[in-house]
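Engineer: okay, sequence plus prediction incoming.
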Amino acid sequence: MEVVIVKDATAGGELIADGIAGLLRRKPDALLGVATGSTPLPIYDALTAKVRAGAVDVSRARIAQLDEYVGLPAGHPESYRATVLRQVVEPLGLSAEAFMGPDGSAEDVQAACEAYDKALVDAGGVDLQILGIGTDGHIGFNEPCSSLASRTRIKTLTEQTRVDNARFFDNDIEQVPHHVITQGIGTILEARHLVLLATGEGKAEAVAQTVEGPVAALVPASALQLHPHATVVVDEAAASKLK
Ligand code: F6R
């Protein structure tokens, strides 16, 4: 695992966007796995700026979602499908056809999970997966104690994650769904390159456990230690508990 400490979130976004631009030069139709939440926004902003400046051609890139709420009405602005379309697909000038994600409104959620795992394989696999990290060490929505071999499946959010995400739902925890579909840790580990960005002091403990603790289901992000090509980009605040 490679750990890169940068000054702040903007620098982290720039660094990772540079890496994505390099990948797209080598492989123009690369499949990029994207996380939602606040942390990756500087990456998407930096990549969009490069596209607008003509520094990188993303026209053949493909985008894959990491996770999705279950049970939000179709088109809900906080569904992760709507969020990724708004924050990544549209700013990059891609069409919705370039984008794939699990169906959080499927009647048979289990079948939707299996279909998504298969769709990722059929698409040739994720080339670069962007990850954030929860304050409890989750990646995607693989909460503590998730199997390190898990596949895409339905999960129940912890109270802490629902509290953390209430800010996207008018600060009203009642509106935050209880269930999500998430790529499993085993699924995530199949991406060719994992890039985790963590910023802010609130992530410092989770980062320390991810990087310096044992590989353990209690800290799902620690599974990155098992991956042959994992990069953890942290700002100085998120790095503050590293030894
Ligand atoms: C969401 C996801 C989550 C977030 C994590 C951190 O797609 O993958 O694991 O990355 O909850 O969220 P932020 O970045 O909002 O602190």
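Structural biologist: Structure received. Numbering: from 1, shown residues only.

Engineer: show me what from this protein comes close to the ligand.
Structural biologist: Neighbours of the ligand within the chain, by CB under 6 Å from any ligand atom: 35-39, 66-67, 132-134, 138-140. The C-beta positions use only the backbone N, C-alpha and C, and glycine is treated the same way.

Engineer: from the contact counts, what lies against the helix or strand of the chain with the lowest mean pLDDT?
Structural biologist: Across the helices and strands of the chain, mean confidence by mean pLDDT, DSSP states H and E is lowest for helix 159-165: a mean of 90. The contact analysis (3 or more CB pairs under 8 Å, 6 or more residues apart in numbering; DSSP states H and E) places helix 159-165 against no helix or strand.

Engineer: list the contacts of the helix or strand following that helix.
Structural biologist: With elements assigned by DSSP states H and E, the helix or strand that comes after helix 159-165 is strand 179-182. The contact list for strand 179-182 (CB atoms under 8 Å, 6 or more residues apart in numbering) reads 66-71, 102-104, 109, 112-113, 116, 140-142, 152-157.

Engineer: at 10 Å instead, please
Structural biologist: In this structure, residues lying in contact with strand 179-182 by CB atoms under 10 Å, 6 or more residues apart in numbering are 65-71, 80, 101-104, 106, 109-110, 112-113, 116, 138-143, 146, 150-157, 161, 165, 188.

Engineer: buried sites along stretch 55-64?
Structural biologist: Residues of stretch 55-64 classed as buried: 56, 58, 61-64 (neighbour count, 16 or more other CB atoms under 10 Å).

Engineer: no, scratch that, I was asking about stretch 225-236
Structural biologist: Buried residues in stretch 225-236, counted by 16+ other CB under 10 Å: 225, 227, 230-235.

Engineer: of those residues, which pair is most distant in space?
Structural biologist: His227 and Asp235 (21.7 Å; CB to CB).

Engineer: surely Gly140 touches Lys155?
Structural biologist: Yes. Here Gly140 reaches Lys155: they are 8.8 Å apart, a contact under CB atoms under 10 Å.

Engineer: joint contacts of those two?
Structural biologist: 67, 146, 180-182, 184.

Engineer: the closest residue to Gly125 other than its chain neighbours and the ligand, how far apart?
Structural biologist: Of all residues not flanking Gly125 in the chain, Glu190 sits nearest, at 6.1 Å (CB to CB, 6 or more residues apart in numbering). If you measure Glu190 against the ligand using CB to the nearest ligand atom, to the nearest Å, the figure is 16 Å.

Engineer: Val109 too?
Structural biologist: Val109 is 17 Å from the ligand, by CB to the nearest ligand atom.

Engineer: compute the number of surrounding residues for that residue.
Structural biologist: Using other CB atoms under 10 Å, Val109 has 18 neighbouring residues.

Engineer: so who does it touch?
Structural biologist: Counting by CB under 10 Å, 6+ apart, Val109 touches 70-71, 102-103, 153-154, 179, 181.

Engineer: what sits against Ile139?
Structural biologist: Counting by CB under 10 Å, 6+ apart, Ile139 touches 35, 66-67, 129, 131-133, 146, 182-183, 185, 188, 194, 196, 206, 210, 219-224.

Engineer: and the residues you listed, which of them are in helices?
Structural biologist: 185, 188, 206, 210 (DSSP state H).
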